[in-house]
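Colleague: Fold the following.
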Amino acid sequence: MKKIFFACSISFLLHSTSVAQVPIEYTRPESVQSATAAIGEQPQPLNDINRNIIYPQEAQRAGIGGHVSLSGLINAQGKLEKIAIWESTDKMFEDAAINAIMNCKFNPAISKGMPIRSWFNFPIVFQLKEFNGYDTPPVLQTDLYSQLNVPKTIPYDSIPDYIYPVFGVATNGYVTVVEYLRPGNADIQQSVREALKKSTFQPAMKNGKPVDAWYAMTVELKKK
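Modeller: Next up, the predicted model:
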């Protein structure tokens, strides 16, 4: 199966990017996770980050895609203070992702009823529509979380907030191979893999017919 990425209704404009000034660091995911461990309500964007994403012209001309996993440090007033990039396929995609989050406003995280300073985590997958190989992406038809069982032997504080699987969906709606944009440990990966294999999707469609496709989504491991 040809690898084709789609990320949860992300759409892209095809223009050049200009990156605003903000402190940027390259941080291991664990350090970002530890900053969000005790939060009751995560920061939330007030506008659609996807609409801020501008596809790099260089990638457009080359017909290539990629992904960036990053986090934004949001203060108690909902202002972006810092960006942490912890996985990226290319610098040009990093610039586009940074520009997108810089142009977004947030509600701050809430802990014990009070706004607090915290990280906001998300992945961005870049893929040109004309290279997707389908007209409509796969659509999840079953409750993934009812199938997800994170091992109880893993300490709660060691479980990441999210994991980002990339997986193939066959024409029969079942998941085939599973990869990860942001890995957890082997046990967590296996739990997510098993949950995906038990789930069913409406397959991607091309010219009115189902086709094999790749799909990317966020799986919240601490979902209440």
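Colleague: contacts, neighbours, all on C-alpha from now
Modeller: Noted.
Colleague: Any regions of this protein where pLDDT drops low?
Modeller: Applying pLDDT under 70 to the chain flags residues 1-21, 27-40, 48, 50, 61-63, 128-133, 180-184, 223-224.
Colleague: Could you check how many residues crowd around Asn103?
Modeller: With neighbours defined by other Cα atoms under 10 Å, the count for Asn103 comes to 16.
Colleague: just checking, it touches Asn52?
Modeller: Yes: Asn103 sits in contact with Asn52 when judged by Cα atoms under 8 Å, with a separation of 6.7 Å.
Colleague: Quick check: bridge partners of the residue nearest the centre of the chain?
Modeller: By Cα atoms, centre = their mean, the chain has its centre lying nearest to Pro123, at 2.9 Å. Residues in a beta bridge with Pro123, per DSSP bridges, are Ser69.
Colleague: now swap in Leu140 and tell me
Modeller: Phe201.
Colleague: start the count at 12, not 1, going forward
Modeller: Right, with 12 as the first residue, what we last looked at is Leu151.
Colleague: Walk me through the domains of the chain.
Modeller: According to automatic domain parsing, the chain comprises the domains 24-141, 145-231.
Colleague: quick one: the last one to chain centroid distance?
Modeller: Between the mean C-alpha location of domain 145-231 and the chain-wide mean there is a distance of 12 Å, by Cα atoms, centre = their mean, to the nearest Å.
Colleague: how long is it end to end?
Modeller: Start and end residues of domain 145-231 are separated by 27 Å (Cα to Cα, to the nearest Å).
Colleague: circling back to that earlier point, surely the residue nearest to the centre of the chain touches Gly77?
Modeller: No: with contact defined as Cα under 8 Å, Pro134 does not count as touching Gly77 (10.9 Å).
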